[in-house]
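# Mind looking at a prediction? Sequence and model below.
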Amino acid sequence: MSSQFVSETLQAARGRWLHILPALGITVPDNGKHGACPKCGGSDRFRFDDQGGRGTWICSQCSHGDGLDLIRLVSGNGAFQAATEVAKALALPNAPQEAIKPARNEIPEERKKAMVAKAYHALLAHCSSGENSYLADKGLSGHSQSITQDVHKTGGMDFPAGSCCYR
């Protein structure tokens, strides 16, 4: 798949390198003229000659190659990644697309229920039977129920010791 993709992308790019390279942020001098190398920055050692529409180039320090080689040299990417960038610049239909990640990961319903059950059982483990002082102050004394033994944090709120635990 990858070698075929690279070959097809290079075929589609033939004769279009003068538009592709600037779209990828690579500045080259006018065809056949000497200028600054996009990789090493040498001011007069680079020439873009685009032989056969293949985006060919020569740098007296870096080397020589075709348009894909230049993208690989400047970006440091491999052939497949460089071809992917070219395919995107050309808006080719077979260009690999990055997967769109959801804004948040949805938790399956069974897992949500299991998480709630786990939190509920953890709460009950810290409860004991007794009388809630708030309810006793309201005249509802003499009723034993589960109350927290210490401060309990749930949903970003702190519940003091003696809060009701509903079963």
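Yes, it's here. Worth saying up front: this structure is predicted, and the values here are computed from it rather than measured. Numbering: from 1, shown residues only.
# quick one: contacts for Leu135?
Leu135 makes contact with Ser141, His143, Cys164, according to CB atoms under 8 Å, 6 or more residues apart in numbering. For every residue, glycine as well, the C-beta is placed using N, CA and C.
# Quick one: find the helix or strand in this structure with the lowest mean pLDDT.
For the chain, the helix or strand with the lowest mean confidence is strand 152-154, at a mean of 76 (criterion: mean pLDDT, DSSP states H and E).
# Among the contacts of Leu135, which one lies nearest to Asn105?
The shortest gap between Asn105 and any of these belongs to Cys164, at 33.4 Å (CB to CB).
# Not counting its neighbours along the chain, what's nearest that closest one?
When the adjacent residues along the chain are set aside, Cys164 lies closest to Asn132, with 5.4 Å between them (CB to CB, 6 or more residues apart in numbering).
# which residue ranges form the helices in the chain?
All helices of the chain, identified by DSSP state H, fall at 2-13, 17-23, 67-75, 79-89, 109-125, 133-137.
# neighbouring contacts of the first one?
Just to be clear, that refers to helix 2-13. Contacting residues not belonging to helix 2-13 are listed as 20, 54-55, 66-68, 79-80, 83-84, 86-87, 90, 92, 94, 96 [CB under 8 Å, 6+ apart].
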